[in-house]
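Participant: Sequence and computational prediction follow.
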Amino acid sequence: MATSPITKPLENIETKHIRIIGVPLDLGQSRRGVDMGPSAMRVAGLEAKLEALGYDVEDGGNVSVAMLETESEGDPHAKYLTEITETCAAQAELVIETLGAGKIPLTLGGDHSIAAGTVSGVAEFYRRKNQRIGLLWIDAHSDINTPDTSPSGNVHGMPLGAIMGLFQSPLSDLYGFSPKVRPENCVLVGIRDVDEHERINIRKAGVHVFTMRDIDERGMRSVMEEALRQAGRDTVGYHVSLDLDWIDPEDAPGVGTPVWGGATYREAHLAMEIIADHGRMLSFELVEVNPVLDERNQTAELAVELALSVFGKKIL
């Protein structure tokens, strides 16, 4: 397919093949609507726009998920954990299959609890090759609670806790190893809304953190360059997990847990462009787009734009 001068494929990503994986899960949080996020991003033209960028794109459809109306929440400290774990296990297998086929997984959420499945799949694929991965967690929240520390019991506030092995459960033990990423290769970028117990869990886990204050003081380029060095050190590459609530609600109103003071439109694009420049991204996911709260699909369209930037779209 011909490409225009301003939309050329990213030369330093090894494969030009992408598989889209939808995970319309909304069991991890109490505000409904994120189950429609994958559809909203597809409606915004994700597949066609990536193809125009020079990629061969396959839409792998959606992972099957349980409906909240038909399930019991179970443990109030970790609501719907069994159903979320089942979804993440199926999702992880699809991620492994995708990587094995030489394609980049592009996962569309759904709430952020799905990251436990994505990261487990990427980490297991490379563990079988005796390699390890890094993780770039771009979010307003640290999502590193556990069932013992969560004030709500919503699992979308726990996926990083599961990934880092801070609590014992089938979700944290997918493929029988934990943590999925070494603490020195796990980097949080742009957090600005952190529970008191999460501060303790961050120190316990030993992960690297750049808050919005760091971005304010140092600038996005400095923070992203250092974050990518940390995530990439002695790894085969890294998974990038992007929660749309990282961006300020003025630009991304359609998210479940908006927090003022986030990244601007251009800061968000710059972060994605720097990831593209480094060329070591193994997998990418977009989560927490909530069309019910959106304005004319604005947030889903922004998510698609950011996906294009992370896959190499440039101004010139």
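Facilitator: Noted; the coordinates are in hand.
Participant: quick one, phi psi at the residue most central in space within the chain?
Facilitator: The geometric centre of the chain, computed from its C-alpha atoms, lies nearest to residue 241 (C-alpha atoms, centre = their mean), at 2.2 Å. Per-residue torsions, residue 241: phi -110, psi 110 (degrees, to the nearest 10).
Participant: what's across from it in the sheet?
Facilitator: Beta-bridge partners of residue 241, counted by DSSP bridges, are residue 137, residue 285.
Participant: got the contact list for it?
Facilitator: The neighbourhood of residue 241, defined by C-beta atoms under 8 Å, 6 or more residues apart in numbering, consists of 112, 115, 118-119, 135-139, 285, 287. To be clear about C-beta, it is placed using only N, CA and C from the backbone, and glycine gets the same treatment.
Participant: again, only using 7 Å
Facilitator: When contacts are counted by C-beta atoms under 7 Å, 6 or more residues apart in numbering, residue 241 touches 115, 135-138, 285.
Participant: just residue 67 next, same as before
Facilitator: Under the criterion of C-beta under 7 Å, 6+ apart, the contact list for residue 67 is empty.
Participant: how about it, phi and psi?
Facilitator: The main-chain torsion angles of residue 67 are listed as degrees, to the nearest 10 and equal phi -90, psi 130.
Participant: likewise the one 3 residues further on?
Facilitator: Torsion angles at residue 70 (phi, psi; degrees, to the nearest 10) stand at phi -100, psi 0.
Participant: Low-confidence ranges, the stretch 51-200 of the chain, go.
Facilitator: Across the stretch 51-200 of the chain, not a single residue meets the criterion (pLDDT under 70).
Participant: If we use 80, what do you get?
Facilitator: Confidence mapping of the stretch 51-200 of the chain against pLDDT under 80 gives the ranges 69-70.
Participant: now the helices for it?
Facilitator: With DSSP state H, counting those that start in this stretch applied, the stretch 51-200 of the chain shows helices at 81-100, 115-127, 159-163, 196-205, listed in chain order.
Participant: coming back round to it: give the PyMOL command for selecting the buried subset of the contacts of residue 241.
Facilitator: One line in PyMOL is enough to select the buried members of the contacts of residue 241, burial here meaning 16 or more other C-beta atoms under 10 Å:
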select buried, resi 115+135+136+137+138+285
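Participant: Alright, calling it a day.
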